[in-house]
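Participant: Compute the structure for the input listed below.
(one chain, ligands or ions: 1)
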Amino acid sequence: MSRAEHVILECHDLTKRYRGTEAVASATVAFERGAIHGLLGANGAGKTTLLHILSGQIYPSSGKCLYEGQPIHENPLAMSQICFVKSDERAWSDYKIKDLMTFCSLLIPTWDQSYAEQLLRLFHLSANKKYKNLSKGMQSLVGIVKGLASRCPVVLFDEPTLGLDADMRETFYDLLIRDYGESQRTIILSTHLIDESAKLFQYLTLLEHGKITSHLETEEFMKQAYYLQGNSSILERLMPDERVLHHERLGSTSIVVWCGQLEEEMSLRQQGVEISPVPLQKLFVYLTRKNKRSHGKEELPHEIVS
Ligand SMILES: Nc1ncnc2c1ncn2[C@@H]1O[C@H](COP(=O)(O)OP(=O)(O)OP(=O)(O)O)[C@@H](O)[C@H]1O
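Facilitator: Just a heads-up that it's a prediction; the model follows:
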């Protein structure tokens with residue numbers, strides 16, 4: 001497969017500056033076609049800003065942003081094929097759900113009205129209710145209806161599950177997986193609910209202080225660090241080492257989070273050390289703390305000894 005066939009959306013050296021803030025800072029990333037991408041980042045990392053630029057709704061200060069190899073901005077094809085579901089649709093406030101569905105049907109060429117109606121029934125959303133009178137969770141559900149019924153080749157979801165209860169979140173994940181199975185759309189989804197949505201993602205993109213610090217297949221992303229659990233006297237020999245992201249000691253047993261190549265793997269296993277994967281949410285926390293430390297911003301202790 002050529003690069004053009006493989007990549008649908010890309011940005012090169014993308015920067016967005018607001019007065020005094022670099023929300024996106026020289027971001028370069030290529031999003032693979034027909035995959036569900038997880039966009040991860042701490043509060044203020046620049047996820048919403050990046051999604052806004054990728055949807056063509058705001059301009060970058062510098063850099064390039066391409067859809068199917070063509071600039072996204074002022075490109076009617078890109079505008080009609082990329083659907084952006086914001087976490088906060090302020091412009092929708094005064095409209096009834098049925099009016100919003102009509103706007104979507106007029107603006108989105110691939111809009112599937114009968115699927116939209118089916119989803120509204122499933123979510124118990126009354127078409128006559130005004131958006132501003134809905135609870136936060138119900139507003140998120142309207143956004144989900146827009147994203148799924150758009151049937152657009154690219155759907156960008158910014159924190160789509162904000163305010164949703166656990167049952168509704170699972171319903172959304174199931175619908176997304178079913179829809180993806182049928183259409184192989186490209187989806188980019190930002191979320192702070194990392195562990196529960198991890199099963200959705202084929203690729204993970206980590207954004208830190210406006211920079212893309214990794215973009216990897218989920219399997220590769222997960223290989224960045226491991227838990228080592230075993231006798232403290234054995235594991236403490238590994239320290240100090242900058243590859244130790246976290247250390248917990250419980251009596252004579254220690255748990256170490258090790259980032260990167262582990263040369264001593266065989267010998268540690270022979271000494272009874274258990275090596276296991278770090279769940280995605282924890283991995284995200286350790287990686288972002290590591291980078292904060294390297295930026296001199298670490299505030300929380302990363303070593304717990306009891
Ligand atoms: N319109 C704006 N004017 C000024 N600063 C902005 C604007 N939009 C975003 N920013 C700033 O840019 C940075 C990135 O914000 P952004 O909303 O993109 O982050 P985020 O990763 O989506 O955060 P969160 O997870 O908290 O929603 C923040 O420092 C934010 O204050």
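
Participant: In the stretch 101-250 of the chain, what residue spans correspond to strands?
Facilitator: For the stretch 101-250 of the chain, the strands defined by DSSP state E, counting those that start in this stretch occupy 154-158, 186-190, 203-208, 211-217, 225-231, 244-250.

Participant: Reformat the ones you listed into TSV and put mean pLDDT, distance to the ligand and mean neighbour count next to each item.
Facilitator: C-beta here means a position set from N, CA and C on the backbone, and glycine is covered the same way. Shown next, in TSV, are those (pLDDT from 0 to 100; distance: least, C-beta to the nearest ligand atom, whole Å; neighbours: other C-beta atoms under 10 Å):
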stretch	mean pLDDT	distance to the ligand	mean neighbour count
strand 154-158	98	7	25
strand 186-190	97	7	24
strand 203-208	96	7	22
strand 211-217	95	12	17
strand 225-231	93	22	19
strand 244-250	90	22	18
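
Participant: Next one: the closest residue to Glu68 other than its chain neighbours from Phe31, what distance?
Facilitator: In space, and not counting its chain neighbours, Glu68 is closest to Ile8: 6.5 Å by C-beta to C-beta, 6 or more residues apart in numbering. Distance, Ile8 to Phe31, by C-beta to C-beta, to the nearest Å: 6 Å.

Participant: So for the two, which residues contact both of them?
Facilitator: Common contacts of Ile8 and Phe31, defined by C-beta atoms under 8 Å, 6 or more residues apart in numbering, comprise Thr186.

Participant: Can you check which of the strands of the stretch 101-250 of the chain gets nearest to Lys292?
Facilitator: Nearest of the strands of the stretch 101-250 of the chain to Lys292, taken as C-beta to C-beta: strand 203-208 at 8.4 Å.

Participant: quick check: angle from that closest one to strand 186-190?
Facilitator: 40 degrees (axes from the mean of the first three to the mean of the last three C-alpha atoms, to 10 degrees).

Participant: tell me which strands and helices strand 203-208 is in contact with?
Facilitator: With contacts defined as 3 or more C-beta pairs under 8 Å, 6 or more residues apart in numbering; DSSP states H and E, the packing partners of strand 203-208 are strand 21-32, strand 36-40, strand 211-217, helix 218-222, helix 280-294.

Participant: looking at it, Gly41 is touching Leu51, isn't it?
Facilitator: No - using C-beta atoms under 8 Å, Gly41 is not in contact with Leu51; the gap is 10.9 Å.

Participant: Which neighbours do those two have in common?
Facilitator: Shared contacts of Gly41 and Leu51, counting by C-beta under 8 Å, 6+ apart, come down to Ser190.

Participant: Which positions in the chain make contact with the ligand?
Facilitator: Within reach of the ligand by C-beta under 6 Å from any ligand atom, the chain has these residues: 18, 21, 23, 41, 43-49.

Participant: burial measure for Gly41, as a count.
Facilitator: For Gly41, the neighbour count with other C-beta atoms under 10 Å is 23.

Participant: How about the contacts made by it?
Facilitator: With contacts defined as C-beta under 8 Å, 6+ apart, Gly41 is in contact with 47, 190, 206-208, 288.

Participant: One more: Trp92?
Facilitator: For Trp92, the contacting residues are 100, 131-132, 142, by C-beta under 8 Å, 6+ apart.

Participant: if you set the cut-off to 6 Å instead, what comes out?
Facilitator: Applying C-beta atoms under 6 Å, 6 or more residues apart in numbering to Trp92 gives the contacts 100, 131.

Participant: and it, backbone torsions?
Facilitator: phi -90, psi -10 (degrees, to the nearest 10).

Participant: Walk me through the domains of the protein.
Facilitator: With domains defined by automatic domain parsing, the chain comprises 3-217, 223-305.

Participant: Could you pull out the helices in this structure for me?
Facilitator: Shown for the chain, the helices assigned by DSSP state H span residues 3-6, 47-54, 76-81, 97-107, 113-122, 136-149, 166-183, 194-197, 218-222, 232-235, 265-270, 280-294.
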